[in-house]
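Q: sequence-free structure coming up:
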């Protein structure tokens, strides 16, 4: 049902939210009226009911009431019509807030019914009504076009392995590998310690036994000691623990390179994955380690002969405050074309998003999931900034629909294929896959509770990532960032 109702208004050739009433059939007119009412009725559970009453009083003006009542009668939503009539039964010219305050208990009950039972009734009755008038619903009888709304340049240039133009030319070049900490990583480190010889864990002064590395260090996030390697003779070994990675990343990595012949260190993680880095400037160790690392399935990224990872890294993760989604617009400025905003609509999304989506460019239906929640993926041209940010605004709520923002230079078919190929989880690997195929991507990685998420950005061109990261750092301040770069 949800997928049908989404398609009803978002079919690329029949967007009811943008069509005039004289352009559509009577069944479509009734559907447009009910969908407009559904978008008004929903409000977050932590919002006071008065704003909902304000929206109803504004939307259901004298010009609209008759048409709304007619559509409610036609689909058989009698309870909703009665509750709506009671909500809007205030005298003409009355101060709305004073009226609400004097009837607060009754309004709390009525508005709650409208926003809960009323929404369910409207969805069900509308869908049943349209089933009996299916021949008059063009969006349900017209195949979804598999095309891009306009010719778009597709980025096919291979993603570079490192940048020659370094942020800082000082210092000795080094090689750094970024890994996900998992069983594949543990097995690789087991093999590496057999090749490299005795290594030491920071703070212990004792050699690390191979069998203890797997159990104590890499089957989970690295412990507080967080660092294993071979220190240069005469150098004081350092540990980048605590907030060391909140400092300039390059400064921390240079300290590691200068103190260790090679070293493995815990690295800023995402809310889904733990990460680690291996770093060395010595060709002997780099060559031997590459033989193991480049075939390891847990490898996320490799940068060879760099003097600044902050300059060369194509991926970045960062916390950000509202407005979410703004960092992606910084990347889009360099493209010179509106980006794609991909939304994911399910039975939990409600209908609030329809009015904001109506302000965006032509939609493309990317996919429909036949599962229980009837999820639909839709891509819009983010041609209107306020509408775009409005769709990212509810990101902290169950009703969120924003999924990702992607370079607008990629075609619809390529975008759809990239999403299918990157999987459902937001990981280092999936974000990189999207960037490889689409140019750049911005999305969020979720933790385990409300409000637990952070942004992830990856681009094929590292200069785009630097540009976005500089914007975020200036806006948020360094203390708020998760400084993982990969």
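A: The structure has been received and is ready for your questions. Keep in mind it's a predicted model, so treat the numbers as computed, not measured. Residues are numbered from 1 along each chain as shown.
Q: residue 350: neighbouring residues, count only.
A: 24 (other CB atoms under 10 Å). In this view, the C-beta of every residue, glycine as well, is placed from N, C-alpha and C.
Q: for residue 124, see how far away the closest residue to it other than its chain neighbours is.
A: Nearest residue to residue 350, sequence neighbours excluded (CB to CB, 6 or more residues apart in numbering): residue 42, at 4.4 Å. Residue 42 is 15 Å from residue 124, where distance means CB to CB, to the nearest Å.
Q: do residue 7 as well
A: Per CB to CB, residue 7 is found 17 Å from residue 124.
Q: okay, those two: which has more neighbours?
A: residue 7 (19 against 14).
Q: what does stretch 23-31 rub up against?
A: Residues outside stretch 23-31 that contact it (CB atoms under 8 Å, 6 or more residues apart in numbering): 8-9, 14, 16, 19, 21, 32, 70-71, 74-75, 126, 129-130, 133, 136-138.
Q: run the last query once more with 6 Å
A: Applying CB atoms under 6 Å, 6 or more residues apart in numbering, the contact partners of stretch 23-31 are 8, 21, 71, 74, 133, 136, 137.
Q: same check on stretch 403-416?
A: By CB under 6 Å, 6+ apart, stretch 403-416 touches 148, 152-154, 328, 335, 337-344, 364, 366, 438-443.
Q: where does pLDDT dip in the stretch 301-450 of the chain?
A: Within the stretch 301-450 of the chain, the stretches with pLDDT under 70 are 369-374, 448-450.
Q: how about the helices in it?
A: Secondary structure of the stretch 301-450 of the chain (DSSP state H, counting those that start in this stretch): helices located at 309-312, 326-335, 353-357, 385-393, 412-422, 428-438.
Q: adjacent strands (with direction) for the helix or strand containing residue 456?
A: Per DSSP states H and E: residue 456 is located in strand 453-459. Strand pairing for strand 453-459, determined by DSSP bridges: strand 315-318 (antiparallel), strand 440-446 (antiparallel).
Q: next, the buried residues of the longest one.
A: Just to be clear, that refers to strand 440-446. Residues of strand 440-446 classed as buried: 440, 441, 442, 443, 444, 445 (neighbour count, 16 or more other CB atoms under 10 Å).
Q: could you measure the nearest residue to residue 260 once chain neighbours are set aside against residue 173, distance?
A: Sequence neighbours aside, residue 229 is the residue nearest to residue 260 in space, at 4.3 Å (criterion: CB to CB, 6+ apart). Per CB to CB, residue 229 is found 18 Å from residue 173.
Q: look at the two and report which has more neighbours.
A: Each of residue 229 and residue 173 has its neighbours counted (other CB under 10 Å); residue 229 has more, 24 against 15.
Q: of all the strands paired with strand 453-459, which one is nearest residue 292?
A: Nearest of the strands paired with strand 453-459 to residue 292, taken as CB to CB: strand 315-318 at 22.3 Å.
Q: name the residues of the closest one that are buried.
A: Applying 16+ other CB under 10 Å to strand 315-318 flags 315, 316, 317, 318 as buried.
Q: so what's residue 263 closest to, chain neighbours aside?
A: Distances taken as CB to CB, 6+ apart place residue 229 nearest to residue 263, at 3.2 Å, with adjacent residues excluded.
Q: where does that neighbour land in three-state SS?
A: The three-state label given to residue 229 by DSSP: H, G, I helix; E, B strand; the rest coil is strand.
Q: same question, residue 270
A: coil.
Q: for residue 485, see how far away the nearest residue to it once chain neighbours are set aside is.
A: Sequence neighbours aside, residue 445 is the residue nearest to residue 270 in space, at 4.8 Å (criterion: CB to CB, 6+ apart). From residue 445 over to residue 485 the distance is 15 Å, taken as CB to CB.
Q: that older thread, other residues contacting the strand holding residue 456?
A: Residues contacting strand 453-459 (CB under 6 Å, 6+ apart): 314-320, 431-432, 435, 440-446, 465, 468, 482.
Q: hmm, 8 Å instead?
A: Here strand 453-459 has contacts from 270-271, 314-320, 324, 327-328, 331, 395-396, 426, 428, 431-432, 434-435, 439-447, 465, 468-469, 472, 482, using CB under 8 Å, 6+ apart.
Q: count the neighbours of residue 294 for me.
A: With neighbours defined by other CB under 10 Å, the count for residue 294 comes to 10.
Q: residues contacting it?
A: By CB under 8 Å, 6+ apart, the contact set of residue 294 is residue 302.
Q: repeat that with 7 Å
A: Counting by CB atoms under 7 Å, 6 or more residues apart in numbering, residue 294 touches no other residue.
Q: for residue 184, same thing?
A: Residue 184 sits next to 296, 297, 298 when contact means CB under 7 Å, 6+ apart.
Q: quick one: which of those residues has the most company?
A: In terms of neighbour count, residue 298 stands highest of the contacts of residue 184 at 24 neighbours, by other CB under 10 Å.
Q: test my guess that that residue contacts residue 183.
A: No: using CB atoms under 7 Å, residue 298 is not in contact with residue 183; the gap is 8.2 Å.
Q: widest-spaced pair of the buried residues of strand 315-318?
A: Spatial extent of those (CB to CB) is set by the pair 315 and 318 at 10.8 Å.
Q: residue 178 and residue 391, how far apart?
A: Residue 178 sits 32 Å away from residue 391 when distances are taken as CB to CB.
Q: I meant to write residue 345 there.
A: In this view, residue 345 and residue 391 are 11 Å apart by CB to CB.
Q: so what sits against both of the two?
A: residue 401.
Q: so residue 312 is in contact with residue 301, correct?
A: No: contact criterion CB under 7 Å: residue 312 and residue 301 do not qualify, at 9.6 Å.
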